[in-house]
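Visitor: next one to model:
(one chain, ligands or ions: 1)
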Amino acid sequence: MVKGKINIAVSGGSTPVMLFSLLAEENKFKVQWSGVNFYWADERCVRPDDAQSNFGSANNTLFRNTNIPKENIHRIFGENEPDEEAVRYSAVLRKNIAQVNNLPQFDLILLGTGEDGHTASIFPDQMELLTSEKNCAVAVHPESNQNRITLTGKVISNAERIYFLVTGNSKARVIESILNKKGDYLKYPAAHIHPDNGVLKWYLDKEAAEFTVNS
Ligand code: 6PG
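Guide: Next comes the predicted model:
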């Protein structure tokens, strides 16, 4: 935290949208939004007004309904040429965020995981992004072939706090495997995310925790 400001990186997908909607509810939480800087753990390489945009989801649910100053929102420019945007965003992180271990250190990163154990946009067939020396890299969604910009594993694990938010029964087996270090759990990128010195927490709904609780 620098001078009362926190730097957080959020993910895309449906789970964070639930959180954003909750946070946006009128006066539900007394958040000092002027002290919160928003960054992204990953972004789809689409325009910000595209339905698939992670920034767009946050904008429609949270930013439009709260008084977060525009200068506190540091979106990834999904509309840019991917390789150039990965370089640009890496530089933004170097300039704006305190460097620890020679890497940007976020106060908090909110992550999800997919049924294939991906997190941010680090997919099982691109495990090299976990150890890349870059801050950000271009990833490719293995099914849709959509280009993505993602934080790399080292930057993610450098965060002070990493909170996974996971919902739904479709993730239950992956969660069980990762949290219980069962079978070939290391094939899942999410299994490789552990803060070097920070705090890692998993927030699961009942369905996602089905095979993990009391296991
Ligand atoms: C993305 C996300 C991705 C997401 C998981 C889980 O851009 O899609 O960053 O990593 O966190 O796919 O998504 P759900 O929250 O929709 O299950």
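Visitor: ok, Phe106 touching Asn135?
Guide: No - counting by CB atoms under 8 Å, Phe106 does not reach Asn135; the two are 11.0 Å apart. For the C-beta atoms, the positions are set from N, CA and C on the backbone; glycine is no exception.
Visitor: which residues are in contact with both of these two?
Guide: Val155 (CB atoms under 8 Å, 6 or more residues apart in numbering).
Visitor: pick out whichever of these two has more residues nearby.
Guide: Counted by other CB atoms under 10 Å, Phe106 and Asn135 do not tie: Phe106 has more neighbours, with 27 against 21.
Visitor: so what's that one closest to, chain neighbours aside?
Guide: Excluding its sequence neighbours, the residue lying closest to Phe106 (CB to CB, 6 or more residues apart in numbering) is Ala159, at 4.3 Å.
Visitor: how much space between that neighbour and Pro48?
Guide: From Ala159 over to Pro48 the distance is 24 Å, taken as CB to CB, to the nearest Å.
Visitor: Ser170 too?
Guide: 28 Å.
Visitor: so which bits of the chain are right by the ligand?
Guide: 11-15, 41-42, 54, 112-114, 118-121 (CB under 6 Å from any ligand atom).
Visitor: where do the strands of the protein begin and end?
Guide: 6-10, 36-40, 42-44, 99-100, 103-104, 108-111, 136-140, 147-151, 161-166, 199-204 (DSSP state E).
Visitor: alpha carbons only: can I get the helix or strand of the chain with the lowest mean pLDDT in PDB?
Guide: Among the helices and strands of the chain, helix 14-24 carries the lowest confidence by mean pLDDT, DSSP states H and E, at a mean of 92. C-alpha atoms of helix 14-24 as PDB (Å, rounded to 0.1, in the frame of the first residue of the first chain):
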ATOM      1  CA  SER A  14     -18.700 -14.700 -14.100                       C
ATOM      2  CA  THR A  15     -17.500 -15.000 -10.500                       C
ATOM      3  CA  PRO A  16     -16.000 -11.500 -10.100                       C
ATOM      4  CA  VAL A  17     -19.200 -10.000 -11.700                       C
ATOM      5  CA  MET A  18     -21.200 -11.300  -8.700                       C
ATOM      6  CA  LEU A  19     -18.700  -9.600  -6.400                       C
ATOM      7  CA  PHE A  20     -18.700  -6.300  -8.400                       C
ATOM      8  CA  SER A  21     -22.600  -6.300  -8.400                       C
ATOM      9  CA  LEU A  22     -22.500  -6.700  -4.600                       C
ATOM     10  CA  LEU A  23     -20.000  -4.000  -4.100                       C
ATOM     11  CA  ALA A  24     -21.900  -1.700  -6.300                       C
END
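Visitor: please consider this matter closed, and thank you.
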